[in-house]
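*Asks:* Sequence and computational prediction follow.
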Amino acid sequence: MSVTVHYRCDGCFVEAEGTEHLRLQFVSVSGRSHGFGAPRPVNSPESVAPEGWWAFDPYTYCCYCPKCRAGIEEGGER
């Protein structure tokens, strides 16, 4: 089973796929590959976002494409 990330801009609704699947890695308490432990994230939605995309705007937590992000950072409208 794979977890893929699909981005859609909350400004202009353009869409893009993540650069890779989200993954977990088992981390054992003893440091071995088995035993007691728990899965830990290897990557995050922010780390697999296409170049220039904001997976989560720091104020609104919305997703923005590079064009809308540039407009926001410049202080203009999207």
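*Replies:* Received the coordinates, thanks. Numbers count the residues shown, from 1 in each chain.
*Asks:* Every contact and neighbour count from this point should use C-alpha atoms.
*Replies:* Noted.
*Asks:* I'd like to know how far the most centrally placed residue in the chain sits from Glu74.
*Replies:* Residue closest to the mean C-alpha point of the chain, counted by C-alpha atoms, centre = their mean, is Pro45 at 1.6 Å. Distance, Pro45 to Glu74, by C-alpha to C-alpha, to the nearest Å: 24 Å.
*Asks:* Neighbouring strands of the helix or strand Pro39 falls within in the sheet, and parallel or not?
*Replies:* For Pro39, the element it lies in under DSSP states H and E is strand 37-41. Here strand 37-41 has these sheet partners by DSSP bridges: strand 24-28 (antiparallel).
*Asks:* in this protein, which spans are helices?
*Replies:* 66-74 (DSSP state H).
*Asks:* Which pLDDT value does the model give Met17?
*Replies:* Met isn't right for residue 17; it's Glu. At Glu17, the model reports a pLDDT of 97.
*Asks:* OK, contacts around it?
*Replies:* Residues near Glu17 by C-alpha atoms under 8 Å, 6 or more residues apart in numbering: 4-7, 49-50.
*Asks:* Bridged to it, which residues?
*Replies:* Beta-bridge pairing for Glu17 (DSSP bridges): His6.
*Asks:* Distance-wise, check it relative to Trp53.
*Replies:* On the measure of C-alpha to C-alpha, Glu17 and Trp53 end up 11 Å apart.
*Asks:* Over to His21?
*Replies:* Distance, His21 to Trp53, using C-alpha to C-alpha: 16 Å.
*Asks:* follow-up on the earlier one: name the residues that touch the strand holding Pro39?
*Replies:* So strand 37-41 is contacted by 22-29 (C-alpha under 8 Å, 6+ apart).
*Asks:* Make a ChimeraX selection of the buried ones in these.
*Replies:* Of those, the buried ones go into a single ChimeraX selection, burial set by 16 or more other C-alpha atoms under 10 Å:
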select :22,26,27
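*Asks:* Make a markdown table out of the contacts of strand 37-41 and add distance to Tyr61 and pLDDT.
*Replies:* A markdown table is the format used below for the contacts of strand 37-41 (distance: C-alpha to C-alpha, whole Å; pLDDT from 0 to 100):
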| residue | distance to Tyr61 | pLDDT |
| --- | --- | --- |
| Leu22 | 19 | 96 |
| Arg23 | 22 | 95 |
| Leu24 | 23 | 92 |
| Gln25 | 26 | 89 |
| Phe26 | 29 | 87 |
| Val27 | 30 | 87 |
| Ser28 | 33 | 87 |
| Val29 | 34 | 85 |
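*Asks:* That's all I had, so thanks and see you.
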